[in-house]
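> I would like the atomic coordinates for the input below:
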Amino acid sequence: MENYLAVLLFSFTTAVTPGPNVIMITSSGLNYGIRKSLPHYLGVCIGLPVMVAAVGLGFDVVFHEFPLLHEIIKVTGILYFFYLAYHVATASGTATRDNKTTPFTFIQAAVFQWINPKAWIMATEAIAAYTTDDSDILMQVYYITLAFFIMMFPCTALWLFFGANLKKILKNEMQQRLFNVSMALLLIASITPVIIELALKYFP
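Below you'll find the predicted structure:
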């Protein structure tokens, strides 16, 4: 692809900037540490490129044909985000010791991409912007997916290590609880546009 540098830059900036994945992996790093967060980390790093590939290969056509399915996923995603926000807010910051809560599994993190609004924007915008009708669509989707695969690992690792090292700054449980509540509020804020969109559509 002639503009592959642009694809790499796009995948880097969208992967490294704050969003639901960043909030969740940072919180996981703080509350569970790097080792226990590795399945979550791998689920994000592999799950999002798989989603990009699926969208590029026409999976989004299914939602155009069956728009109600997309609406159901949106509503389910909103409810799940509230559950996750509660899960994050109530983490004590000592989860690695008391085992009251558990980090995301690989499957949970991978599936999470399908209800993550930012992941949808990343996937659809990348496919729309960097594919053309006059070239092999399969190869274009392959290269775009590869760009995300390359960038997700270091960008997600950056936030995981950042979260894990926050323990050096947030030295007591109260500070860690306040951080977790802040992350929960940011998680809810990240889906506010989707909530507003659905509210205006069904309750004009």
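> With only the CA atoms kept, save stretch 25-33 in CSV.
Listed in CSV are the C-alpha atoms of stretch 25-33, where the atom choice follows Å, rounded to 0.1, in the frame of the first residue of the first chain:
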residue,chain,number,x,y,z
ILE,A,25,-6.1,-2.1,30.9
THR,A,26,-4.7,0.7,33.1
SER,A,27,-7.2,-0.2,35.9
SER,A,28,-6.3,-3.8,35.5
GLY,A,29,-2.6,-3.0,35.8
LEU,A,30,-3.1,-1.1,39.0
ASN,A,31,-5.5,-3.6,40.6
TYR,A,32,-4.1,-7.0,39.5
GLY,A,33,-0.5,-6.3,38.3
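> distance of the residue of the chain most remote from its centre from I191?
In the chain, the residue that sits farthest from the middle, by C-alpha atoms, centre = their mean, is D134; the gap is 31.6 Å. In this view, D134 and I191 are 37 Å apart by C-beta to C-beta, to the nearest Å. Quick note: C-beta positions are derived from backbone N, CA and C, even for glycine.
> Also N21?
Distance from N21 to I191, by C-beta to C-beta: 13 Å.
> Among these two, which residue is more densely surrounded?
More neighbours surround N21 than the other of N21 and I191, with 28 against 21 (other C-beta atoms under 10 Å).
> Would you tell me what the next helix or strand after the lowest-mean-pLDDT helix or strand in the chain is?
One helix or strand of the chain scores below all others by mean pLDDT, DSSP states H and E: helix 95-98, with a mean of 48. Using DSSP states H and E, the helix or strand that follows helix 95-98 in sequence is helix 106-112.
> Residues in contact with the helix or strand just after that following helix: which ones?
Moving toward the C-terminus from helix 106-112, the next helix or strand (DSSP H and E) is helix 117-130. Residues outside helix 117-130 that contact it (C-beta atoms under 8 Å, 6 or more residues apart in numbering): 1, 3, 6-7, 10-11, 14-15, 19-21, 48, 51-52, 55-56, 60, 77, 113, 140-141, 144, 147-148, 190-191, 193-194.
> any idea which element the residue farthest from the centre of the chain lies in?
Going by DSSP H and E, D134 is not in any helix or strand.
> State the pLDDT value of it.
Looking at D134, its pLDDT is 73.
> How about A89?
88.
> how many neighbours does it have?
The burial count for A89: 17, using other C-beta under 10 Å.
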